[in-house]
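> Need coordinates for the following:
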Amino acid sequence: MEHLMEHLGEHITVVTKCGKLEGKLCDVCIDHLALMTHGSHSKKAHVLYDQICYFM
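Numbers count the residues shown, from 1 in each chain. Sure thing, here's the model as predicted:
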């Protein structure tokens, strides 16, 4: 969680058990992170930490 806080506001890729998401890291919470996805239909995705394999 502390490492994620260092990347707030940056564009990251999050690889989960179901696939990958790319976007701007908006928020780091106790049990999840918030990511604003790219593209013309931008949406905020809330990803639970236990679903994350890694991020880059």
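> all strands of this structure, in order?
11-16, 19-28, 32-37, 44-48, 52-55 (DSSP state E).
> Around Ile52, how many other residues sit close by?
The number of residues packed near Ile52 is 16, by other C-beta atoms under 10 Å. C-beta here means a position set from N, CA and C on the backbone, and glycine is covered the same way.
> who does it bridge with?
Beta-bridge pairing of Ile52, defined through DSSP bridges, involves Thr16.
> pLDDT value on it, please?
Ile52 carries a pLDDT score of 95 in this model.
> what's the answer for Met1, then?
72.
> what's the answer for His41, then?
pLDDT recorded at His41 is 84.
> Likewise for the one 5 residues further on?
Reading off the confidence values, His46 has pLDDT 96.
> Quick one: neighbours of the nearest residue to it once chain neighbours are set aside, just the number.
If the residues on either side of it in the chain are set aside, His46 comes closest to His32, at 5.1 Å by C-beta to C-beta, 6 or more residues apart in numbering. By other C-beta under 10 Å, the residues close to His32 number 16.
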